[in-house]
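A.B. asks: Have a look; sequence and predicted model below, questions after that.
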Amino acid sequence: MSPPTQYKGLVASAGLARGPVFVVEAPAVSSSGTSFSAEELQGALLSASTQLSELMGSASGEAAEILEFQWAMLEDESLSEGALAQCASGVSADVAWSTAMQQHIEDYEQSDNAYFQARSSDLRDIRDRVLRALHGTEIRQVPPGAVVAAQDLTPSRFLETDWQAGGGVVLTEGSPASHVAMLARARGVPMLVGVSELNLADLSEGTEVLLDADAALLNVEPDAEALAGFSQKLSLQEAQMAAGTALLDQPAVSADGVRVQVLLNIALPEEVRTINPDHCDGIGLMRSEFLFNDGPPSEEQQYQAYRVLLEWAQGQPVVVRTLDAGGDKPIPGLNLPSESNPFLGVRGLRWSLKNPEVFRVQVRALCRAAVHGALKVMVPMITHPSEFDEAQQLFQEVARELEATQVPHRLPPLGMMIEVPAAALAPELFAQAEFFSIGSNDLVQYLTASARDLSSVAELCDPGHPAVLKVIRELTRFCESSGQELSLCGDMGSDPRYIEALLHAGVRVLSIAPARLGATKLAIRNIRAQP
Amino acid sequence: MTEELISWDVQDTVEITHAVGLHARPSVKFTKCAKQFQARVEIASEAAGPWIDAKSIVKVMGAKMPQGTLLQLRAQGADAQEAVRSLVDLVNSDFEEAKDVSSNAV
């Protein structure tokens, strides 16, 4: 039986892409009987090292530091001496290298420190790069406009790829809540994950495929009819994009004249570089945990990152969410508990309050950065008012400490995320919070009791469930009387299927992925905010 | 590692205060700094050893020294004094990551 031509997946980032398929596979140790010598291994080590130093030259910031680390490891003779000794006793170099690296990898995996554990992925990267060089399968640059197919994709590989010319991603595994999915949404790169039926080996590289990440479909052998239909859809989308782009410098106003504030969700300060601050109403969510990707950043590094955003925003609000560790977000260097049910465990502010030595550094950096603009801070995963009080006390304490040492600072307005149903249903308990932001991704998973990282329950984890809108409606009513600001910062806010319902429920402030800005303004323009 | 009969010219200790210890970024800086010197330099997390080559990032990272480790250093050679001083300074500066705030430290 021939493999099917259409595959279904989960939408991680909406959009359409048509292009040659490009398979990214992890290299395997050859069992073909080809034997490699010690000299060939040395050649492969050298060429892997050259590749890394070339990559370092074109990278910056954190990416460059990760590459430099890998390069330094590779340059160190003690990494390969075991493998070379094995070669001398007749073992094929690829087997010797893989075995030797496996020991290093396991050694890191067994560390009880999460940061060192996370480095095992760097060692895997190094191992694979050398194997590729040995087998003569160099790491291949993704051609512009290609649809990348892989089991899973690392955030660094995603960032290395040039998406200017379009293209998309199809993963047989993965989750819409992963880091790489978040990056894809931020860049507007269409991505399907969990396409489990797809066998990467069946794909013939270079053939044109159709990725419809609006309908969650991948067509690997489109016929004339499919191509025509897709072209039509694509040109419609392009026209909408163009219309959205034309609206970028306009405020978001609904068909019945209601002004809606549209702010941006971002992960790293670099993301705003190419965005004109006049095109949005500020930053509604800065996911500060991304600053922790290579271990906890120092106070100064954090201060600089927040300051860059505040200076970019030119007086518009910048809402930074304090470290949201845990759940599906392992963070290198932080001791996160291993729990059977991490989404219901020590995550978000729960973790920060238990680890004041890490949290305090962030609070200091935030208070110092606050003098550079309209900084607001919100804390994630609040369940009980005592947690908010504790966070607020820490901010006050840090402000006094900075005052005493005459360090310029300001106490930023402190608000909270509404993600936990207990907080969503009893907002009156949180009178101290200066503002609320609905984290719809988590609120939806908790209301529907469907983990957002499980593809098997993805259909139940539905923002369109009437219970979700009912809770949001109640919240907007409550805030109208309490006077507390309310915004929504989940993916729901930029999904054309839900914007109308959100406006009808009384939401007037949305925070969305930068790539969705034009399309969201366009969608708002075409709907009536009043039901 | 077999203990050779070496008379070490300099020995010192310094506490690792960096939040995750000698991790990737600090290890790169540490071994780079050590390699600038001719001296043979070794480090350990305890005076009793095991001592490892301070110029090998594979070994320095592999030692997985967390925050709070009292890092032991020893060096032998013409520039041993300078090597140890530079490395101690580097650790004390939190690997130059928080250099600009040190004056504000409480």
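C.D. replies: Right, received. Where do you want to start?
A.B. asks: When you work out contacts or count neighbours from here on, use the C-alpha atoms and nothing else.
C.D. replies: Will do.
A.B. asks: And the residue nearest the centre of chain B?
C.D. replies: Computing the C-alpha centroid of chain B and ranking residues by Cα atoms, centre = their mean puts residue B:87 first, at 5.3 Å.
A.B. asks: Settle this for me: that residue is touching residue B:32, isn't it.
C.D. replies: No. The criterion here is Cα atoms under 8 Å, and residue B:87 misses it with residue B:32 at 10.0 Å.
A.B. asks: What mean pLDDT does stretch A:325-333 get?
C.D. replies: Rounded to a whole number, the mean pLDDT of stretch A:325-333 is 68.
A.B. asks: quick revisit: any part of the helix or strand containing the residue nearest to the centre of chain B near chain A?
C.D. replies: For residue B:87, the host element (DSSP states H and E) is helix B:80-92. No. Figure legend: helix B:80-92 not in contact with chain A (Cα under 8 Å from any Cα of the partner chain); closest approach 13.9 Å.
A.B. asks: Send me that helix as PDB with only the CA atoms.
C.D. replies: Output in PDB follows, covering the C-alpha atoms of helix B:80-92 (Å, rounded to 0.1, in the frame of the first residue of the first chain):
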ATOM      1  CA  ALA B  80      52.200  30.500  38.100                       C
ATOM      2  CA  GLN B  81      51.600  33.500  40.400                       C
ATOM      3  CA  GLU B  82      50.000  35.500  37.700                       C
ATOM      4  CA  ALA B  83      47.900  32.600  36.400                       C
ATOM      5  CA  VAL B  84      46.400  31.900  39.800                       C
ATOM      6  CA  ARG B  85      45.800  35.600  40.500                       C
ATOM      7  CA  SER B  86      44.000  36.100  37.200                       C
ATOM      8  CA  LEU B  87      41.800  33.000  37.700                       C
ATOM      9  CA  VAL B  88      40.900  34.000  41.300                       C
ATOM     10  CA  ASP B  89      40.000  37.500  40.000                       C
ATOM     11  CA  LEU B  90      37.800  36.000  37.300                       C
ATOM     12  CA  VAL B  91      35.900  33.800  39.800                       C
ATOM     13  CA  ASN B  92      35.600  36.800  42.200                       C
END
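A.B. asks: Any buried residues in that helix, and which?
C.D. replies: B:80, B:81, B:83, B:84, B:86, B:87, B:88, B:90, B:91, B:92 (16 or more other Cα atoms under 10 Å in any protein chain shown).
A.B. asks: which secondary structure elements does that helix contact?
C.D. replies: strand B:10-15, helix B:24-35, strand B:40-44, strand B:70-76 (3 or more Cα pairs under 8 Å, 6 or more residues apart in numbering or on different chains; DSSP states H and E).
A.B. asks: and that helix, average pLDDT?
C.D. replies: Taken as a whole, helix B:80-92 has a mean pLDDT of 93.
A.B. asks: which residues make contact with it from outside it?
C.D. replies: For helix B:80-92, contacts defined as Cα atoms under 8 Å, 6 or more residues apart in numbering or on different chains pick out B:9-17, B:30, B:33-34, B:37-41, B:73-75, B:96.
A.B. asks: do stretch A:435-443 as well
C.D. replies: A:414-421, A:452, A:463, A:468, A:484-492.
A.B. asks: For residue A:219, see how far away residue A:199 is.
C.D. replies: 13 Å (Cα to Cα, to the nearest Å).
A.B. asks: Just want to know which of these two has more residues nearby.
C.D. replies: When residue A:199 is set against residue A:219 and neighbours are counted by other Cα atoms under 10 Å in any protein chain shown, the residue ahead is residue A:219, at 19 against 13.
A.B. asks: I'd guessed that one sits against residue A:213; true?
C.D. replies: No. Assessed by Cα under 8 Å, residue A:219 is found out of contact with residue A:213, at 10.9 Å.
A.B. asks: ok, back up a step: filter the contacts of helix B:80-92 down to the buried ones.
C.D. replies: Buried among these by 16+ other Cα under 10 Å: B:10-11, B:13-17, B:30, B:33-34, B:37, B:39-41, B:73-75.
A.B. asks: ranges for the helices of the stretch 301-450 of chain A?
C.D. replies: Taking DSSP state H, counting those that start in this stretch, the helices of the stretch 301-450 of chain A run over residues A:349-354, A:356-369, A:385-404, A:421-425, A:440-447.
A.B. asks: could these be laid out in CSV, adding mean neighbour count and mean pLDDT?
C.D. replies: CSV is the format used below for the helices of the stretch 301-450 of chain A (neighbours: other Cα atoms under 10 Å in any protein chain shown; pLDDT from 0 to 100):
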stretch, mean neighbour count, mean pLDDT
helix A:349-354, 20, 95
helix A:356-369, 21, 96
helix A:385-404, 16, 97
helix A:421-425, 17, 98
helix A:440-447, 22, 95
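A.B. asks: who wins for proximity to residue A:522 among the ones you listed?
C.D. replies: The minimum distance between residue A:522 and those falls on helix A:440-447, with 21.5 Å, by Cα to Cα.
A.B. asks: Quick check: what element follows that closest one along the chain?
C.D. replies: As assigned by DSSP H and E, the chain's next helix or strand after helix A:440-447 is helix A:466-482.
A.B. asks: the strands in the stretch 101-250 of chain A, which residues?
C.D. replies: With strands called from DSSP state E, counting those that start in this stretch, the stretch 101-250 of chain A shows them at A:147-150, A:168-171, A:191-193, A:208-212, A:217-219.
A.B. asks: and for the longest one, what are the contacting residues?
C.D. replies: Right, the one you point to is strand A:208-212. Contacts of strand A:208-212 (Cα under 8 Å, 6+ apart): A:14-21, A:147, A:168, A:190, A:217-222, A:227, A:230.
A.B. asks: Then the third one?
C.D. replies: With contacts defined as Cα under 8 Å, 6+ apart, strand A:191-193 is touched by A:9-15, A:168-176, A:181, A:184, A:213, A:216-217.
A.B. asks: Repeat that for stretch A:95-107.
C.D. replies: Residues contacting stretch A:95-107 (Cα under 8 Å, 6+ apart): A:29, A:79-80, A:82-84, A:86-87, A:120-121, A:123-124, A:127.
A.B. asks: Check which residues of it are buried.
C.D. replies: Within stretch A:95-107, judged by 16+ other Cα under 10 Å, the buried ones are A:95, A:96, A:97, A:98, A:99, A:100, A:101, A:102, A:104, A:105.
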